[in-house]
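Asker: Could you work out the structure for the sequence below:
(chains A, B and C)
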Amino acid sequence: MTRQRFFIIDAFAHIFRAFYAVKNIDHNAVFGFTMMLRKLLASEDPEFIAVAFDTSAPTFRKELYPEYKANRDAMPESLVPQIPIIKELIEAFNIPMVEAPGFEADDIIGTLAKRAAEKNVQAVIVSGDKDMLQLVQGDDIVMFDSKKGVEYLGESGIPDFFGCKPDQIIDLLTIWGDSSDNVPGVRGVGEKGAKKLLAEYGNLDEIYKNLDQIKQKRYREGFADARDRIELTRTLVTIRTDLELAFDEDTYRRKEPQNDDLRALYERLNFKTLMEQVPITLRRCETEYELLDNEERLKAWLDEIKEKAFVVFDIETTSLNPVDAQLVGMALALDADKAAYVPLRHEGQDPAWTERAETMLKSMMTDQNVTKCAHNAKYDISVLFNKGWEILGRIEDTMLMSYLINPNDSRHGMDDLAEQHLHYRTIHFEEVAGTGKDQVTFDKVPLDKACQYAAEDADITFQLYDKLYPQLKDLELVSVYNVVERPLIPVLARMENAGVRVNSDYLTDMSARMEDMIQGLEKEIYELAGEEFNLKSTKQLGEILFEKLGLSPVKKTTKTKSYSTDQSVLEALAAKGHEVPAKMLDYRMVTKLKSTYVDALPDMINATTGRVHSSFNQFVAATGRLSSNNPNLQNIPIRTEMGRDIRAAFIPREGWVMVAADYSQIELRLMAHFSKDETLVGAFRQGEDIHRRTAGEIMGVVPDLVTDDMRRAAKSINFGLIYGMGDFRLAQELGIPRKKAREYIETYFEKMPKVLSFRDEVIAKAREAGEVRTYFGRHRQLPELQSRNKNMQNQGERLAVNTLIQGTAAEIIKLAMIHLDEALSQSDLHASMLLQVHDELVLECPSEEAERVGALLQETMENVVHFEVPLVAEVHTGHNWKETK
DNA sequence: CCAACGACGTAC
DNA sequence: GACGTACGTCGTTGGT
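Answerer: Numbers count the residues shown, from 1 in each chain, chains lettered A, B, ... in the order given. The predicted structure is shown next:
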């Protein structure tokens, strides 16, 4: 086993180095010092450690020699306030700091090193100062330059620096003097001379004894001249090793950092990346929660809930999928650390109890006057809706709060939030239910474990509510929470529960036909390529195309720098008449449609309901859009004929029809509203074809003379506008020279100047606030605008504009959904909302209601808000989704 | 053997 | 480097 090591760090040497090395940030020396320290701790993992500081008190050297260090400049102004922070930092790292008034850090280091070596601990001096080499002693005391990393400097390395033996260093330094410390040496004797004389005579005393033998007059005179002060110089350059300092193992043993203090410090200093790397000391559950397994205790709780008109709840079930989930139990919380669990269907429970307890819980959950709070309430109420419980009263959701507070974050799960906000490690589901093959459903979990797990979740949800709601208020997000997001929860729950009917036979038939096409294409491509390969491997395809067939590569992939074979590349190659890329385009389309949709959808049909129940996620998109998964029903094909046919597989229930409506050009209309540009506003008010009108403006012709190509170009510009497209991309898209694309964009802004000034204003405001706000008050932080990287900043600018437009459009359709849900429930209609695809709502209803539902749908969508330009929703009815166009 | 990642492609 | 928001499939890679 190697010896234990004691790292002694020269504080100011590293502070100055950090100060000059790190640029462009506040607290640069603190940052640089922190990085050095972290690196050292991580890579060297020392057993003992200390940081040595100089003090401002006059040192014995100054007393002996008033000119000592008199030539030093004052500490740079911006460094001065960083020193106490660095001391705080070292304290947070739990590393002892050593000061010795009257002495310098070097003397502390010298003394501690010697003491440690005496106790058979290797002393490692962390410093770049070569003067320190006088302290080096065999393997007992070595030097370590943190800048160079792992390089140790022991006795054997010394000749490389000084060209002399270790015990000659002090005399060598004496002869040289130290100009940076204002210590005079022997005048006229330089590096070469000093080394030569020491090699010849052994040490300084011998040199003086034999002074008259020295041939060079210059040297003789120099030494004679320095004779009176040479001892003083020797004292000044000699590092002391005799301070009253002991090497005490307990004092200098490395300890765990005070991570909470470190975090607080990093937070204060805005060291974000460092902060993320500090492990949080997490609290664990210490509360014993109440098991409510008899009527009296349950009643006592329900009475208190009724009185407070508030409860946090969390249900436990047998499945993450609400359609399949059986209610196993319900946890309740009324205060921090005050939570309980009601077991309902654990194995072996009395069905009579289940019924009595459910009746009591249902009456509470359907009580209009009780506010209910849950984490991801959509799941809980979906399950309860499926049991026929009409959940009433206000519903709060801590997951929703977290999302609104930081929509850029992807982690809003309770376990994550508990760690983040409460420094608390929750019992994870896997810990009570097992993992992988061994995982059991919650009804098999023993009651005591189930109680602690479930009640803790309710408890934590309560504590998160306490923490997050005030933040929601401070950030002025309560309005968007109450008006848009919170009321949407039950709407989405109903939509997911409804699901959509899918014609499985139709897809099976389609799949077989596609398989034939794929086989044919495969064969053709193999023949053209002269060999068989995996057509689905971009790597293999790239090698075939660009190595074997010798086609010239168009571009490389971003990360792996391999040949790109994406659609645009294949199209470019196909346009030159190459057959393999042309066939590959067909192959790609058919296999994509088949594997992603045609084959996947029938597998997603729920066995119980016979329908597909996609999730509509409210917490994913940073702009406020919904997202859909399992399956994603928001990217069902429409653009190609073959793709569009897939939509015919989505059918209404027997005797019903599909009714769908989509907003026409909602994002461009928002652009018109926000910018108030007369041309854009006018065009929408007149009900003109917006792309035709734009083309007319840009190309300078009357709308009637706009060709299809001109309209296509204008359409690209209109969409690009919303995304912040540049001339490069537009040129690529339209196949025109970049210069021409640039002209188009310039003319666009000349003709519609207010669109440009709107853009500039949004960006300026976002830069000022560090975030962008949508019409209904949702925010999105834009750290990109703070970046020193120009590309990042440009991206931040695009995000600002796009988030305002896309986010507001998302809010409008969310409101339409809320209003429609309300209107339908107030009516005698039987329609249900099935899908939302960003600007489109799809419903099903009995055939005879189609007209009324369509009218209600249109009316609702068009009147969510009244803006500068009308919102237009186009309604279509059909026997399947494909027909609703 | 599986998880993470990259490339690609579908939607608005 | 150049256009925003998502999700799913497949192949590859790299660690267990």
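
Asker: before we move on, which element is the closest residue to A:M817 other than its chain neighbours in?
Answerer: Closest residue in space to A:M817, ignoring its immediate chain neighbours: A:V491 at 5.2 Å, by C-beta to C-beta, 6 or more residues apart in numbering. (C-beta placed from N, C-alpha, C; glycine too.) With elements taken from DSSP states H and E, the one containing A:V491 is helix A:486-498.

Asker: which helices and strands does the next helix or strand after that helix pack with?
Answerer: Using DSSP H and E, the next helix or strand after helix A:486-498 towards the C-terminus is strand A:500-502. Contact here means 3 or more C-beta pairs under 8 Å, 6 or more residues apart in numbering; DSSP states H and E; on that basis strand A:500-502 packs against strand A:611-612, strand A:650-651, strand A:840-846.

Asker: Who are the contact partners of the nearest residue to A:Q326 once chain neighbours are set aside?
Answerer: Nearest residue to A:Q326, sequence neighbours excluded (C-beta to C-beta, 6+ apart): A:T318, at 4.5 Å. A:T318 sits next to A:D324, A:A325, A:Q326, A:V328, A:T441, A:F442, A:D443 when contact means C-beta atoms under 8 Å, 6 or more residues apart in numbering.

Asker: Kindly report the same for A:I525.
Answerer: Contacts of A:I525 (C-beta under 8 Å, 6+ apart): A:L535, A:V580, A:K583, A:M584, A:Y587.

Asker: ranges for the helices of the stretch 401-550 of chain A?
Answerer: A:414-422, A:429-433, A:447-474, A:478-480, A:486-498, A:504-529, A:538-543 (DSSP state H, counting those that start in this stretch).

Asker: what comes up buried for the shortest one?
Answerer: Spelled out, it's helix A:478-480. Buried residues in helix A:478-480, defined by neighbour count with 16 or more other C-beta atoms under 10 Å: A:V478, A:V480.

Asker: same thing with the first one?
Answerer: Applying a neighbour-count criterion of 16+ other C-beta under 10 Å, the buried positions in helix A:414-422 are A:M414, A:D415, A:L417, A:A418, A:E419, A:Q420, A:H421, A:L422.

Asker: Contacts for that helix, please.
Answerer: Contacts of helix A:414-422 (C-beta under 8 Å, 6+ apart): A:280, A:282-283, A:375, A:398-399, A:402, A:411, A:424-426, A:428, A:457, A:460-461, A:463-464, A:467-468.

Asker: which among those end up buried?
Answerer: Neighbour counting by 16+ other C-beta under 10 Å classes A:375, A:398-399, A:402, A:424, A:426, A:457, A:460-461, A:463-464, A:467-468 among the contacts of helix A:414-422 as buried.

Asker: Quick one: buried ones out of the contacts of A:T318?
Answerer: For these, a burial check counting by 16+ other C-beta under 10 Å picks out A:D324, A:A325, A:Q326, A:V328, A:F442, A:D443.

Asker: Among the residues you listed, which lie within strands?
Answerer: When these are checked against strands (DSSP state E), the matches are A:V328.

Asker: Please report the number of neighbouring residues for the residue nearest to A:M510 when sequence neighbours are not counted.
Answerer: The shortest distance from A:M510 to any non-neighbouring residue, by C-beta to C-beta, 6+ apart, is to A:V598 (5.3 Å). By the criterion of other C-beta atoms under 10 Å, A:V598 has 26 neighbours.

Asker: before we move on, back to that, mind putting the helices of the stretch 401-550 of chain A in TSV, distance to DNA strand C and mean pLDDT included?
Answerer: As requested, these are arranged in TSV below (distance: least, C-beta to the nearest atom of the strand, whole Å; pLDDT from 0 to 100):
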stretch	distance to DNA strand C	mean pLDDT
helix A:414-422	17	91
helix A:429-433	16	89
helix A:447-474	20	96
helix A:478-480	17	96
helix A:486-498	14	96
helix A:504-529	11	94
helix A:538-543	4	90
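
Asker: Compare those and report which one is nearest to A:E761.
Answerer: Closest approach to A:E761 among the helices of the stretch 401-550 of chain A is made by helix A:478-480 (21.3 Å; C-beta to C-beta).

Asker: so where's chain A shaky on pLDDT?
Answerer: Low-confidence segments of chain A (pLDDT under 70): A:1, A:146-153, A:157-161.

Asker: In contact with the residue lying farthest from the centre of chain A, which residues?
Answerer: In chain A, A:D212 marks the outermost C-alpha relative to the chain mean, sitting 75.4 Å out by C-alpha atoms, centre = their mean. Counting by C-beta under 8 Å, 6+ apart, A:D212 touches A:R220.

Asker: how close does it sit to A:M792?
Answerer: Between A:D212 and A:M792 the distance is 72 Å, computed by C-beta to C-beta, to the nearest Å.

Asker: Out of the contacts of A:I525, the closest to DNA strand B would be?
Answerer: A:M584 (7.9 Å; C-beta to the nearest atom of the strand).

Asker: Quick check: closest non-adjacent residue to that closest one.
Answerer: Per C-beta to C-beta, 6+ apart, closest to A:M584 is A:L570, 5.5 Å.

Asker: what residues are up against the one you found?
Answerer: A:L570 touches A:P581, A:A582, A:M584, A:L585, A:R588, counting by C-beta under 8 Å, 6+ apart.

Asker: how does it look with 7 Å?
Answerer: A:P581, A:M584, A:L585 (C-beta atoms under 7 Å, 6 or more residues apart in numbering).

Asker: so which helix or strand takes in it?
Answerer: helix A:567-575.

Asker: which of the residues in that helix are buried?
Answerer: A:V569, A:L570, A:L573, A:A574.

Asker: Just the CA trace of stretch A:791-800, in PDB.
Answerer: Extracted C-alpha coordinates of stretch A:791-800, given in PDB (Å, rounded to 0.1, in the frame of the first residue of the first chain):
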ATOM      1  CA  ASN A 791     -25.200  31.300 -32.500                       C
ATOM      2  CA  MET A 792     -26.800  30.600 -29.200                       C
ATOM      3  CA  GLN A 793     -28.000  34.200 -29.000                       C
ATOM      4  CA  ASN A 794     -29.500  33.900 -32.500                       C
ATOM      5  CA  GLN A 795     -31.300  30.800 -31.400                       C
ATOM      6  CA  GLY A 796     -32.600  32.600 -28.300                       C
ATOM      7  CA  GLU A 797     -34.000  35.200 -30.500                       C
ATOM      8  CA  ARG A 798     -35.800  32.700 -32.700                       C
ATOM      9  CA  LEU A 799     -37.100  30.900 -29.600                       C
ATOM     10  CA  ALA A 800     -38.500  34.200 -28.200                       C
END
